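>>> Pasting the sequence and the predicted coordinates here, then a few questions.
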Amino acid sequence: MGPIRADLTTSGYLLELVRTGRALTRGELQELTGLSRSTLGQRLDGLLKNGWLVEAGSTASTGGRPPVVLRFDEQHACVLTADLDTRHARAALMDLGGAVLAEQSGDLVIADGPGVVLDTLADWFDALLAAAGRSAAELAGIGVSVPGPVEFDTGLVIRPPIMPGWDEYPIRDHLRRRFDVPVLVDNDANAMALGEQAAEYPDCPAFVLVKVSTGIGSGVVIDGQVFRGIDGGAGDIGHIRVRDAGDAKCQCGSIGCLAAVASGGAIAAALTELGVAARSGADVRALLQAGQPDALRLAREAGRRVGEVLATVVSVLNPGVLMIAGDLAHTDFVAGVNEVLYQVTLPRATRHLGVTTGRLADHAALDGMARLVVNEVFSSTAVDARLATLQR
């Protein structure tokens, strides 16, 4: 590989090459960047002094002195992540490599509003730092996933159907009042998709995850990057109008949405009408695990409806992996999806398709948000900006 463009030879880009495993030694960095040995040493100096890079042993030598290995120090800082669902939340403190240092989960009702939820979450974050013996000064950033559409650049939730009171609420500013670090906010299906793809299918160039819990959403990862569309609306399949939905009213206010007839919340409502108490996707999951006949029948029927919509998704995106995650994964719901998906989709679109279920369970969104935070905070641009500030 020949030298790359001169604008990709900054200290930040050198860190990115090491962090992503594309270069392990000074010699490999020189080969990739075309920098002279002295210039390379100068640009690595700030990264080593700030603890972002460390020298760790040496590689096998083909003759002469073995080259020293450079490594991104994943323990020099940490990130806080949270996954907010409709009635439950999970939070974790992780090192920069995604290893969990401390974790907490519990009931947290999204409908109680952003003030209550975010203040409680901030208290959890304080407790996690204390439990791991880490200080706020060691915190690199925070990532929060939410069950609604997010305008990623601003961190604002935009007209969320199941998050009353959260529309355009400044989540990032709220948390920054307690923690003076970058805060990233994304849709939970996007975060789950990134976490699952990176951990389980890193070589899959087109990956789709569908989360079916109280609501329905999907995340799309193309070439390792979340595809969000123009303003964060990509993957919002729960609000596609479906045939034979009748007058089913969705929480978004529309009639006939997929989520209104096939989500965990819709199944819970149908079960309640039949005299089987259920409020959420988690309740439906418990009934399915117990083998409740009505729950099994309704889940399979819901899977068929979702499978019909996913046939279009698969035909448009031609993914290598379609993953079903959330409360209804690992249930009869998935059998319903497969029953219709392969029936109505052309073989050309499914011949290399793998349909699977979530592997990371409750950690998928946490892992995805941690990865987003690390990629943002330690991007070449962000690192170069911080180095410039430190050198003033």
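Now that the structure is in, tell me what you want to look at.
>>> Counting neighbours, show which residues of stretch 17-29 come out buried.
Leu17, Val18, Arg19, Ala23, Leu24, Thr25, Arg26, Glu28, Leu29 (16 or more other CB atoms under 10 Å). Where you see a C-beta, it was placed from the backbone N, CA and C, and this is true even at glycine.
>>> what's the most distant pair in those?
The span of the buried residues of stretch 17-29, defined through CB to CB, is set by Arg19 and Arg26 at 15.4 Å.
>>> Distance of Ala92 relative to Val261?
From Ala92 across to Val261, the span is 34 Å (CB to CB, to the nearest Å).
>>> Which one of those two is surrounded by more residues?
Legend: neighbour count by other CB atoms under 10 Å for Ala92 and Val261, higher for Ala92 (28 against 21).
>>> tell me the SS of that one?
Secondary structure state of Ala92, per DSSP: H, G, I helix; E, B strand; the rest coil, is strand.
>>> export stretch 42-60 as PDB, just CAs?
Taking C-alpha atoms only, stretch 42-60 is exported to PDB below (Å, rounded to 0.1, in the frame of the first residue of the first chain):
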ATOM      1  CA  GLN A  42       7.000  14.000  17.000                       C
ATOM      2  CA  ARG A  43       3.400  13.200  16.300                       C
ATOM      3  CA  LEU A  44       3.400  10.100  18.400                       C
ATOM      4  CA  ASP A  45       4.900  12.000  21.300                       C
ATOM      5  CA  GLY A  46       1.700  13.800  22.400                       C
ATOM      6  CA  LEU A  47      -0.300  10.600  22.100                       C
ATOM      7  CA  LEU A  48       2.200   8.800  24.400                       C
ATOM      8  CA  LYS A  49       2.400  11.600  26.900                       C
ATOM      9  CA  ASN A  50      -1.400  11.800  27.300                       C
ATOM     10  CA  GLY A  51      -1.700   8.100  27.800                       C
ATOM     11  CA  TRP A  52      -3.700   7.500  24.700                       C
ATOM     12  CA  LEU A  53      -1.000   5.200  23.300                       C
ATOM     13  CA  VAL A  54       1.300   2.900  25.200                       C
ATOM     14  CA  GLU A  55       4.300   0.800  24.000                       C
ATOM     15  CA  ALA A  56       3.600  -2.800  24.800                       C
ATOM     16  CA  GLY A  57       6.200  -5.400  24.100                       C
ATOM     17  CA  SER A  58       7.500  -6.200  20.700                       C
ATOM     18  CA  THR A  59       6.600  -8.200  17.600                       C
ATOM     19  CA  ALA A  60       8.600 -11.100  16.200                       C
END
